[in-house]
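> coordinates only, no sequence provided:
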């Protein structure tokens, strides 16, 4: 493997919040069936739980198979 181009830094709650803020609220939901508007309306409730999950995922180097799935909707 090539050497990393930068040092890895854990994902912060601020980064999660910024990413949720950028979501389009009415896009089709993904495989989990949760609409973006739920993330946007419940950011303050969800981020304190999402941060530790993302941190543990990178610390343990375990990425759930479901996270590797996506849905493509053809219009």
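Great, that's in hand. All figures in this text were calculated on a predicted structure; none of them were measured in a lab.
> and the nearest residue to residue 11 once chain neighbours are set aside, how many neighbours?
Of all residues not flanking residue 11 in the chain, residue 54 sits nearest, at 4.5 Å (CB to CB, 6 or more residues apart in numbering). (Glycine included, C-beta is placed from N, CA and C.) Around residue 54 there are 15 other residues, counting by other CB atoms under 10 Å.
> which element is residue 54 on?
Assigned by DSSP states H and E, residue 54 belongs to helix 43-60.
> show residues contacting that helix.
With contacts defined as CB atoms under 8 Å, 6 or more residues apart in numbering, helix 43-60 is touched by 8, 10, 11, 12, 13, 16, 17, 20, 21, 39, 63, 64.
> what about the closest residue to the fifth one other than its chain neighbours, neighbour count?
For residue 13, ignoring the flanking residues on the chain, the nearest one in space by CB to CB, 6+ apart is residue 51 at 4.4 Å. The number of residues packed around residue 51, counting by other CB under 10 Å, is 18.
> same question for residue 35.
16.
> helix or strand right after the helix or strand hosting residue 17?
Assigned by DSSP H and E, residue 17 belongs to helix 13-22. Downstream of helix 13-22, the first helix or strand assigned by DSSP H and E is helix 36-41.
> name the residue closest to the centre of the protein, please.
When the chain is reduced to its mean C-alpha position, the nearest residue by CA atoms, centre = their mean turns out to be residue 16, at 7.0 Å.
> sorry, back to before: of the contacts of helix 43-60, the lowest pLDDT goes to which?
Looking at the contacts of helix 43-60 by pLDDT, the weakest one is residue 8, with 82.
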